[in-house]
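Novice: this one's structure only:
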Ligand SMILES: [Zn+2]
């Protein structure tokens, strides 16, 4: 409650924090998202609400005395090289019940012929920097949009992720942000395969409707979400760089879920949205990291598994190196959520 009382002292900050403008706006992009270009907030690179909290005595500390935290995440949109590949036809055979043929694709995964099943490599890289991360996995049905792999194909790999102490969460498909039944079915599907409870998620395409999506995620039993950020711009969608419990302005009540807001998506920086060259991408990334560090906040970053090669991998490693030098606590969404719950008076 402390956090709310502080934020309510400044009506402008309270409006920003609660996303008041998103309740009013009718502008949505073709994926039904409220875009940054429609926002009145022109200080998206500055976490105004978090800064206000810190200035007003909000105290945060992290494991081992780290000054700030980095929530490292990976959305697993695909594990096969291309939708026209032979591997996908093996996927479809699997879905159609032709198990014999599908074994070919599983063997291909294990023999590393398919470069996107690079989870071990990602974990090895992060381990070098004393970091951990979360992997958000699609658990769709063959009839769903963007069904590119059956989650069953990853049973072995997901077990390996959990054994090493990294997190497996749900990458919610195209409809879950507005469809509770779908959301629950996907969560159950993933839990069946991992034999483990799934507490965190990120929505595919960063689909999000304020406040409805938070309500649905909470009802489906998620403890935290890390979807809340803009696809078309990096930064702080509601001025926060700390985890928070969202507030529903219509019901006038707190929603029972923790949001760990997303700050940087790999694709936002480059060709799809902001169209920054690599040098400017790095300048902005470094600025956002420094800003969050100064605020003792959490910077959430998503790097897709299929871009963890070549230049993009080098860029990701640069982030790890820079944050290690700044003594950040780099870890999974699950770890951040648990720490927040037990150590921070919000
Ligand atoms: Zn996705």
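Specialist: Looks like it arrived, so ask away. All values reported here derive from a predicted model rather than from experimental measurement.
Novice: give me phi/psi at residue 73?
Specialist: Per-residue torsions, residue 73: phi -140, psi 160 (degrees, to the nearest 10).
Novice: can you tell me which residues contact it?
Specialist: Residues in contact with residue 73, defined by CB atoms under 8 Å, 6 or more residues apart in numbering, are 133, 134, 135, 136, 202, 226, 300, 301, 302, 303, 332, 333. To be clear about C-beta, it is placed using only N, CA and C from the backbone, and glycine gets the same treatment.
Novice: Kindly identify which of those also come near the ion.
Specialist: Residues of the contacts of residue 73 in contact with the ion (CB under 5 Å from the ion): none.
Novice: Report how many residues lie close to the residue of the chain found nearest the ion.
Specialist: Proximity of the chain to the ion (CB to the ion) peaks at residue 204, 3.8 Å away. With neighbours defined by other CB atoms under 10 Å, the count for residue 204 comes to 21.
Novice: Checking the residue lying closest to residue 274 once chain neighbours are set aside next. Helix, strand or coil?
Specialist: Excluding the flanking residues, the one nearest residue 274 by CB to CB, 6 or more residues apart in numbering is residue 268, at 5.8 Å. Assigned state for residue 268: helix (three-state reduction, DSSP: H, G, I helix; E, B strand; the rest coil).
Novice: isn't residue 268 right next to residue 230, touching?
Specialist: Yes. Using CB atoms under 8 Å, residue 268 is in contact with residue 230, at 7.2 Å.
Novice: Quick check: neighbours shared by these two?
Specialist: Counting by CB under 8 Å, 6+ apart, nothing touches both residue 268 and residue 230.
Novice: Residues of this protein that sit close to the ion?
Specialist: Proximity of the chain to the ion, by CB under 5 Å from the ion, involves residues 75, 77, 204.
Novice: In strands, which of these appear?
Specialist: Filtering the residues of the chain next to the ion for membership in strands, criterion DSSP state E, returns residue 75.
Novice: Throw the residues of the chain next to the ion into CSV and include pLDDT, thanks.
Specialist: Shown next, in CSV, are the residues of the chain next to the ion (pLDDT from 0 to 100):
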residue, pLDDT
75, 98
77, 96
204, 98
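Novice: quick check, nearest of the residues of the chain next to the ion to residue 296?
Specialist: When the residues of the chain next to the ion are ranked by distance to residue 296 (CB to CB), residue 75 comes first, at 26.6 Å.
Novice: can you give me the strands in the stretch 101-250 of the chain?
Specialist: 134-137, 167-172, 200-203, 224-225, 247-248 (DSSP state E, counting those that start in this stretch).
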